[in-house]
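J.: Structural data only, the sequence is not supplied:
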């Protein structure tokens, strides 16, 4: 078995595996991912999702990971006080 970084050619298989998992968990009605949406967040200009693929002759598994999302100020700096957390008076 080989584990490697996911590439653009893996998008359809990853989406299928994610859809199958949603069905297994009885959550299909909430599954909204499409190959186009997944490709945009994994390989687009502002990508923030990483993935691994496990293969044993065919793709048999995937791991998708979202980088920590950070709210930004209008100036583009991280907004560490978003939502008022830790804000002093």
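T.: Nice, thanks for sending it over. Just so it is clear, the model here is predicted, and its values are computed rather than measured.

J.: What are the buried residues along the lengthiest helix in the chain?
T.: Among all segments of the chain classified by DSSP state H, the helix with the greatest residue count is helix 11-24. Judged by neighbour count using 16 or more other Cβ atoms under 10 Å, the buried positions of helix 11-24 are 11, 13, 14, 15, 17, 22. Glycine gets a C-beta too; all of them are placed from N, C-alpha and C.

J.: Next secondary structure after that helix?
T.: Scanning forward in sequence from helix 11-24 by DSSP states H and E, the next helix or strand is helix 35-43.

J.: low pLDDT regions in the protein?
T.: Within the chain, the ranges that satisfy pLDDT under 70 run 59-60, 67-89.

J.: now stretch 6-21: how far from the chain's centre is it?
T.: Taking Cα atoms, centre = their mean, to the nearest Å, the mean C-alpha location of stretch 6-21 is offset from the chain mean by 11 Å.

J.: How about stretch 29-46?
T.: Distance of stretch 29-46 from the chain centroid (Cα atoms, centre = their mean) equals 8 Å.

J.: buried residues in that stretch?
T.: By 16+ other Cβ under 10 Å, the buried positions in stretch 29-46 come out as 38, 39, 42.

J.: Also stretch 1-10?
T.: In terms of neighbour count (16+ other Cβ under 10 Å), stretch 1-10 has its buried residues at 6, 10.

J.: end-to-end on that stretch?
T.: Length of stretch 1-10, first residue to last, Cα to Cα, to the nearest Å: 16 Å.

J.: what's next to it, contact-wise?
T.: 14, 39, 42-43, 50-56, 59-60, 62, 64 (Cβ atoms under 8 Å, 6 or more residues apart in numbering).

J.: Quick check: the gap between the nearest residue to residue 65 once chain neighbours are set aside and residue 40.
T.: Closest residue to residue 65 apart from its sequence neighbours, by Cβ to Cβ, 6 or more residues apart in numbering: residue 50 at 4.9 Å. To residue 40, residue 50 is 14 Å away according to Cβ to Cβ, to the nearest Å.

J.: Right, I'll call it a day here.
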